[in-house]
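Asker: would you be able to build a 3D model of this:
(4 chains)
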Protein chains: 2
Amino acid sequence: MSSAKINAAIDNLKEAGVRITPQRHAILEHLIESMSHPTADEIYKALEGKFPNMSVATVYNNLRVFKEAGLVKELTYGDSSSRFDCVTTDHYHIICDSCGKIVDFHYPGLDEVESLAESVTGFEVGRHRMEIYGICPECKRKH
Amino acid sequence: MSSAKINAAIDNLKEAGVRITPQRHAILEHLIESMSHPTADEIYKALEGKFPNMSVATVYNNLRVFKEAGLVKELTYGDSSSRFDCVTTDHYHIICDSCGKIVDFHYPGLDEVESLAESVTGFEVGRHRMEIYGICPECKRKH
DNA sequence: TAGACTAATTATAACGATTATAAAGTAATA
DNA sequence: TATTACTTTATAATCGTTATAATTAGTCTA
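Answerer: Numbering: from 1, shown residues only, chains lettered A, B, ... in the order given. All right, here's what the predicted structure looks like:
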């Protein structure tokens, strides 16, 4: 049930002292239930039925709020706009070069790479990012 | 000697049927010799002494030409502008969260991750990207 | 509950990176 | 030399995102 996730996220925000406005609730709900990795504009469009007067700025503002609360991650790829991903469990993304679809997959982590980089460069390592690019099954079939 | 690298790159372009204009030569030279990962605008500014009339569009156009020839890679991070990296040997980047510095480091490759992702998702995997983020030694000292 | 304070939303303008366009210049080829 | 294709330039347009100011809504305290 995704409503449990939503409630957990909301509790999380409340504890951080963030007010739960109708807009925030809707954005969060959309992020959790859509199971996709929408752009700010996609969220804006998806909610304009419910909130005809909502401003794009509200979407961006609140995505930032969620990011700061650690609930949402911003995915930045080359072109065009950022996509936003609900942080649930650790996972990586594989992205279709042809249609842009993003699919989650799990992998034990790359601690080894991090520690090698740390010793070679002298950096204090905080995190890493990794994505894989390829062609998804649907696009392969269409080819 | 970096002039050897430049010549190799130029031969590469010529074979691909790309004309070597003074601007292209200068952009390529700057990319190879600067040893950094400049933005389009940094390249533009670095060359405005030599080419007072060069247009930003020229920089962007030629970076695209170099990319298509496989000589240059575009690095896209979250905010602000893309950075451009001469493709020499395979390497990854570690990026300082505090000052933005980018340092190269080598790692044997992540074939294992690619093949796991392939089998789990059904994608035909083409490539991956990975970066590590942390604090560089200089910024640690300043702290 | 009224009044005061704070935070959130809206509407709009501004910004910055990148791309498109059209005109002018340059090189290559016949 | 004439023709053609390619490059560069200058400029305007586009698009995602952020800043601003005004309005609205929530929260708190007396």
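
Asker: and the closest residue to residue A:122 other than its chain neighbours, how many neighbours does it have?
Answerer: Spatial nearest neighbour of residue A:122, chain neighbours left out: residue B:137 (4.2 Å); criterion: C-beta to C-beta, 6 or more residues apart in numbering or on different chains. Placement of C-beta: from N, CA and C, glycine included. Neighbours of residue B:137 under the rule other C-beta atoms under 10 Å in any protein chain shown: 14.

Asker: against residue B:36, how distant is residue B:137?
Answerer: Using C-beta to C-beta, to the nearest Å, one obtains 17 Å as the distance from residue B:137 to residue B:36.

Asker: residue A:67 too?
Answerer: When residue A:67 is compared with residue B:36 (using C-beta to C-beta), they lie 29 Å apart.

Asker: which bits of chain A sit near chain B?
Answerer: A:74, A:76-78, A:82, A:92, A:94, A:96-97, A:103, A:105-107, A:110, A:113-114, A:116-118, A:120-137, A:140 (C-beta under 8 Å from any C-beta of the partner chain).

Asker: out of those, which are inside helices?
Answerer: In this view, the residues of chain A next to chain B that belong to helices under DSSP state H are A:113, A:114, A:116, A:117, A:118, A:120, A:121, A:137, A:140.

Asker: the third one: neighbour count?
Answerer: Right, residue A:116. Residue A:116 has 18 neighbours, counted by other C-beta under 10 Å.

Asker: could you find the closest non-adjacent residue to it?
Answerer: Residue A:116's closest residue in space is residue B:107 (C-beta to C-beta, 6+ apart), at 6.2 Å.

Asker: right, and the one you found touches residue B:92 too?
Answerer: Yes. Under the criterion of C-beta atoms under 8 Å, residue B:107 makes contact with residue B:92 at 5.7 Å.

Asker: name the helices or strands packed onto the top strand by length along chain A?
Answerer: The longest strand of chain A (DSSP state E) is strand A:124-135. The contact analysis (3 or more C-beta pairs under 8 Å, 6 or more residues apart in numbering or on different chains; DSSP states H and E) places strand A:124-135 against strand A:92-96, helix A:111-121, helix B:111-121, strand B:124-135.

Asker: mind picking out the helix or strand in chain A with the poorest mean pLDDT?
Answerer: In chain A, no helix or strand scores lower on mean pLDDT, DSSP states H and E than helix A:2-15, which sits at a mean of 84.

Asker: close to DNA strand D, is that one?
Answerer: No. If you take C-beta under 7 Å from any atom of the strand as the test, helix A:2-15 misses DNA strand D, and the best it gets is 9.3 Å.

Asker: close to DNA strand C, is that helix?
Answerer: No. Helix A:2-15 lies out of reach of DNA strand C by C-beta under 7 Å from any atom of the strand, never closer than 9.2 Å.

Asker: helix or strand right after that helix?
Answerer: Following helix A:2-15 in sequence order, the next helix or strand is helix A:22-33 (DSSP states H and E).

Asker: only C-alpha atoms, please: export that next one in CSV.
Answerer: C-alpha atoms of helix A:22-33 as CSV (Å, rounded to 0.1, in the frame of the first residue of the first chain):
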residue,chain,number,x,y,z
PRO,A,22,-2.3,20.5,0.2
GLN,A,23,0.1,21.1,-2.6
ARG,A,24,3.0,19.4,-0.7
HIS,A,25,0.8,16.5,0.0
ALA,A,26,-0.2,16.2,-3.7
ILE,A,27,3.3,16.5,-5.0
LEU,A,28,4.6,13.9,-2.6
GLU,A,29,1.7,11.6,-3.4
HIS,A,30,2.3,11.9,-7.1
LEU,A,31,6.0,11.1,-6.6
ILE,A,32,5.3,8.0,-4.6
GLU,A,33,2.4,6.7,-6.5
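
Asker: mind listing what's buried in the helix or strand following that helix?
Answerer: Sequence-wise, the next helix or strand downstream of helix A:22-33 (DSSP H and E) is helix A:40-46. Buried residues in helix A:40-46, counting neighbours by 16 or more other C-beta atoms under 10 Å in any protein chain shown, are found at A:40, A:42, A:43, A:44.
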